[in-house]
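Student: Provide a 3D model corresponding to the input given below.
(2 chains)
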Amino acid sequence: METVGTRIRQRISELQLGVPEKDIAASIRMAPDVFSRSLNGKRSFTSIELAQLAERLSTSMYWLATGEADPFEARIAARHQYNFEAGSYVNEKDDDTKAVLENLELAYRQVFQGRNDEPTKTATAEEVLELLGEDFVWNFVSRIEERLGIDVTRVEGISSAYSVRAGGRYCIVIPRSSNWFHQNSSMAHELGHIFLGHFNARDEGAEESKEIPAFDFAAQILLPEKTMRTFDWWTTGQSNVINFLWKHGVSTKYLSNRLRKLGLRVRKEVWDLLDLSTFDVLNRPLEGKTFTSIAVAVRTQRAAERRFPDALVAAHMDAVAVGKAPKETLAWMLNVDPETIEVHPPQTDAVDLDDLAATLGLAAKA
Amino acid sequence: MDLLELVAAGRATWCYTVSQECAKSSRVTGLEQLSLAPQIFGEPLMLETNAEYRDTQTFRAQLSKPGDRSSANLGEAESLAIMTNRGLGATFVTDDNGALGFAITHSIKHLTTWDLLKLLVRADKLTRDEAWEYVVILKGHHRRYMELRAQTSFFAWLESPLGLRFSP
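Tutor: Predicted structure coming up:
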């Protein structure tokens, strides 16, 4: 029969850590002989030791203990930071990103109790585009939440976008920044991961077989082929290109890549324009622009705001009010000092201690 | 430990993780008396079923705060998972505010160290001055209970039928 010790040894072997068991023991502050006895079934691991081992071995405590996947454990669709020097997708999250995602998972788990192991319903980019509706990009976050039922979190401290399934809900997490155009492409990319069914694979690693379809999905959402082919890229003036960028909420680089991918015939002046940074292009004074610098500032400020899904914040407010969740998680989401959240913790009922003393056989005071 | 034995021996138990943490703590200078705990609580209860493991994780999440390590609150969560899954009908004894809040909202009978001191005073096993000394040693007067903030309020509470009031 497979034991906890077998699974731990299996995981150490899978990870090819190349370190002796005594070093693993030391990393979780267990004496080598106690660790060895526990691995061999002569002593049980405590929950604390299993939790520390799970962290060290990048797995779940529940799996180590039972050999089964935890249906309530949070999942990440694919981690997709690309390391251009190494030419591969980076699977390891930096410490800040890890901390943010753990806090977010905790926030969901504290107030939503749904399972995370049920298959995701898939959809094509065209179907998702239809659901998002006309001119969705102006209110992309609220359209995703209201029409697709997917939460969106915008927070600092993460190195790239992620999609998380926690508490039975989906949440796209994007880095807080001034670049709304990057946020739009990140959100569309994460929608790709969700609707292409990448949560259905147990493997959370980023790989080309997931990333390339997600990039294509995003492009179909933000710059559908029909729209791209309808626009006359050969004769159009600079201001029309700039207005197109503004309307579709993408970066110069993103548009440039899409034009190349579709093999469209484009005038040299347009390529030159798209070589510039998005902010340079949008902020240059030019006749025929359909938007003002104030509009750019508004869009920029909005992208830089920290935000958590209203449903998540509301659920925490309800839970904190009745003592079902600590106020620190709500304070983290709101970025405020927990002490400023005024809640009255539930008071304990008085226990009849004299009765209890009598039950315990202790003589009560007369 | 002698007072704990008086209240708990033969009628109390603990979970495995708490027992192991206690054993570790007993090796710390000044806490050697904790090595007597196994004589009071006996063989610890172990997590047995997948549901108990799952609930331990769920309860740990509910007790945790952002930034807590994945191993934080596991002793309390394990105890609560065993109690609720096995329908023990037992009284949960803890001084952890989060675990107390959990017990209150889940209608689990619960007591604190301060309740036990009050019980012992009312049962003439401890004088009220001795009880106050324990409050000070255990830094109860620094906790957010109105009644523990001063000796006079503590003495008044010893005489009253009311529970402790936790101030936000």
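Student: hey, where'd the strands end up in chain B?
Tutor: B:92-93, B:110-111 (DSSP state E).
Student: gap between the residue positioned nearest the centre of chain B and chain A?
Tutor: Central residue of chain B (Cα atoms, centre = their mean): B:T94, 1.9 Å from the mean position. Distance check for B:T94 against chain A: by Cβ to the nearest Cβ, to the nearest Å, it reads 11 Å. Yep, even glycine has a C-beta here, placed from its N, CA and C like the rest.
Student: pretty sure that residue contacts B:W114?
Tutor: No - taking contacts as Cβ atoms under 8 Å, B:T94 lies outside contact range of B:W114: 11.5 Å.
Student: what's near enough to touch residue 32?
Tutor: Went with chain A since none was named. Going by Cβ atoms under 8 Å, 6 or more residues apart in numbering or on different chains, A:P32 touches A:E21, A:K22, A:A25, A:A26.
Student: hm, I was asking about chain B
Tutor: Contact partners of B:E32, counting by Cβ under 8 Å, 6+ apart, are B:S26.
Student: Low-confidence regions, chain B specifically.
Tutor: For chain B, applying pLDDT under 70 flags the ranges B:168.
Student: Domain ranges for it, per the record?
Tutor: Listed domain ranges for chain B are B:2-111, B:113-159 (source: automatic domain parsing).
Student: Save the ones you listed as TSV, and put in distance to A:M61 too.
Tutor: Formatted as TSV, the domains of chain B follow (distance: least, Cβ to Cβ, whole Å):
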stretch	distance to A:M61
domain B:2-111	7
domain B:113-159	29
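Student: which residue packs closest to A:D117, ignoring adjacent ones?
Tutor: A:P71 (4.3 Å; Cβ to Cβ, 6 or more residues apart in numbering or on different chains).
Student: hang on, the one you found packs against A:N116?
Tutor: Yes - counting by Cβ under 8 Å, A:N116 is a contact partner of A:P71 at 6.5 Å.
Student: between the two, who's got more neighbours?
Tutor: The neighbour comparison of A:P71 against A:N116 (other Cβ atoms under 10 Å in any protein chain shown) goes to A:N116, with 22 against 13.
Student: count of neighbours near residue 166?
Tutor: I went with chain A, as the question did not name one. By the criterion of other Cβ under 10 Å, A:A166 has 25 neighbours.
Student: Chain B is the one I meant
Tutor: B:F166: 21 surrounding residues under other Cβ under 10 Å.
Student: quick one, what contacts it?
Tutor: A:P345, A:Q347, A:T348, B:N97, B:L100, B:R144, B:Y145.
Student: repeat that with 10 Å
Tutor: Shown in contact with B:F166 (Cβ atoms under 10 Å, 6 or more residues apart in numbering or on different chains): A:323, A:344-348, B:97, B:100-101, B:104, B:112, B:143-147.
Student: just B:A9 next, same as before
Tutor: A:L360, B:Q39, B:I40, B:F41, B:G42.
Student: Verify the stated contact: the second one with B:S19.
Tutor: No - no contact is recorded between B:Q39 and B:S19 when judged using Cβ atoms under 10 Å, the distance being 11.9 Å.
Student: Look up how far chain B lies from A:V164.
Tutor: In this view, A:V164 and chain B are 14 Å apart by Cβ to the nearest Cβ.
Student: Are we agreed that that residue is in a strand?
Tutor: Yes - using DSSP: H, G, I helix; E, B strand; the rest coil, the assignment for A:V164 is a strand.
Student: Tell me how far A:A311 lies from chain B.
Tutor: With distances taken as Cβ to the nearest Cβ, A:A311 is found 18 Å from chain B.
Student: What confidence value was assigned to that residue?
Tutor: pLDDT, A:A311: 96.
Student: for A:A304, same thing?
Tutor: pLDDT recorded at A:A304 is 96.
Student: burial of it, as a residue count?
Tutor: Residues near A:A304, counting by other Cβ under 10 Å: 15.
Student: Could you find the closest non-adjacent residue to it?
Tutor: A:A304's closest residue in space is A:S178 (Cβ to Cβ, 6+ apart), at 5.2 Å.
Student: Tell me, how many residues neighbour the one you found?
Tutor: Neighbour count for A:S178, taken as other Cβ under 10 Å: 15.
Student: can you check the one 10 residues further on too?
Tutor: By the other Cβ under 10 Å criterion, the neighbourhood of A:A188 contains 30 residues.
Student: That one touches A:S163, doesn't it?
Tutor: No - at 11.5 Å, A:A188 and A:S163 do not qualify as touching, with contact defined as Cβ under 10 Å.
Student: what touches both of these two?
Tutor: Common contacts of A:A188 and A:S163, defined by Cβ under 10 Å, 6+ apart, comprise A:I172, A:A214.
Student: related to what we said a few turns ago, show me the common contact partners of A:P71 and A:N116, please.
Tutor: The contact lists of A:P71 and A:N116 share A:G168, where a contact means Cβ under 10 Å, 6+ apart.
Student: OK, contacts around the most far-flung residue of chain B relative to its centre?
Tutor: When distances are taken from the C-alpha mean of chain B, B:N50 lies farthest, 25.4 Å away, according to Cα atoms, centre = their mean. Going by Cβ under 10 Å, 6+ apart, B:N50 touches A:Y62, A:A65, A:T66, A:G67, A:E68, A:D70.
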